[in-house]
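Q: A structural model of the following input is requested.
(one chain, ligands or ions: 1)
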Amino acid sequence: MRSTEDLPAYSSIEVAKHSSPEDAWLIVGGKVLDVTSWLSEHPGGEDVLLDLAGRDATREFEDVGHSSDARSQLDHLVVGTLRPATDEELRISRNTGTGPKKEGGMGFDNAEVLREWIHEKVSSFRRVGTIGAVSAAVLISAVIIKRYGMGWTAQGRR
Ligand code: HEM
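A: Predicted structure coming up:
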């Protein structure tokens, strides 16, 4: 087998595009697998693989308690390694609603997309918070000046 270092690196967003029976990829343990031509050979059936196609199936693979034979079969299916998604990929994925999703969920099966979304929300709240605090300070100053006048500056000048 080729060393995984020679293989291309794909992001989870790229892997998500391969989610049909004609083109089914999975991620297991940081390896990207093309299971398309092997679907019918899986002893656990093709449905479980198709349900997870385009997604990270590491947890499901481990939960089944696959044998070491299964692990060596897996190595023959490797087409690449997993790399973090770029900011650009995350932005496009968020805006177009593409990328890995779980049915019935919030649409954020992809931890990276979710993390990026939270980060953006927090910074926009922070922005709104700063504008709010500055406006409140100006308003309070205006009320104080209106109520007490500029007495202290007049005193200072005397
Ligand atoms: C693409 C990587 C995978 C490979 C190479 C693989 C390979 C195998 C092999 C060789 C077996 C026979 C039992 C054994 O040797 O452990 C098996 C069984 C099974 N696999 Fe997978 N598998 C893969 C992914 C998955 C995934 C993602 C699931 C999802 C749940 C899954 C579910 C099962 C189930 C339920 C069985 C048990 C079948 C039975 O004992 O009746 N497999 N798999």
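
Q: quick check: which ranges of this structure have low pLDDT?
A: The model of the chain has pLDDT under 70 over residues 1-3, 99, 101-113, 117, 150-158.

Q: let's see that with 90 instead.
A: In the predicted model of the chain, residues 1-6, 92-158 satisfy pLDDT under 90.

Q: now do the SS call for whichever residue of it sits closest to the ligand.
A: Among the residues of the chain, residue 44 lies nearest to the ligand; the distance is 2.5 Å by CB to the nearest ligand atom. No exception for glycine: its C-beta is placed from N, CA and C like everyone else's. Secondary structure state of residue 44, per DSSP: H, G, I helix; E, B strand; the rest coil, is coil.

Q: so who does it touch?
A: Residues in contact with residue 44 (CB atoms under 8 Å, 6 or more residues apart in numbering) are residue 64.

Q: how long is stretch 10-21 end to end?
A: 20 Å (CA to CA, to the nearest Å).

Q: got the contact list for it?
A: Taking contacts as CB under 8 Å, 6+ apart, the residues outside stretch 10-21 that touch it are 24-27, 32, 34, 36, 39, 46, 50, 53-56, 80-86, 89-90, 92-93, 98-101, 110, 112-113.

Q: quick one: residue 17 is in a helix?
A: No. Counting by three-state DSSP, residue 17 falls outside a helix, being coil.

Q: quick one on the thing from earlier: when you check the ligand, which of the contacts of stretch 10-21 turn up near it?
A: For the ligand, the contacts drawn from the contacts of stretch 10-21 by CB under 6 Å from any ligand atom are residue 26.

Q: now, the contacts of stretch 10-21 that are in strands?
A: 24-27, 32, 34, 80-82 (DSSP state E).

Q: the residues you listed: which two are farthest apart?
A: In terms of CB to CB, the ones in strands among the contacts of stretch 10-21 reach their longest pairwise distance at 24 and 81, which sit 17.9 Å apart.

Q: list only buried entries from the contacts of stretch 10-21.
A: With burial judged by 16 or more other CB atoms under 10 Å, the buried subset of these is 24-27, 32, 34, 36, 39, 46, 50, 53-56, 80-82, 85, 89-90, 93, 99-101, 110, 112-113.

Q: what helices and strands are in contact with the lengthiest helix in the chain?
A: If you go by DSSP state H, the chain has its longest helix at helix 111-148. Contact here means 3 or more CB pairs under 8 Å, 6 or more residues apart in numbering; DSSP states H and E; on that basis helix 111-148 packs against helix 87-96.
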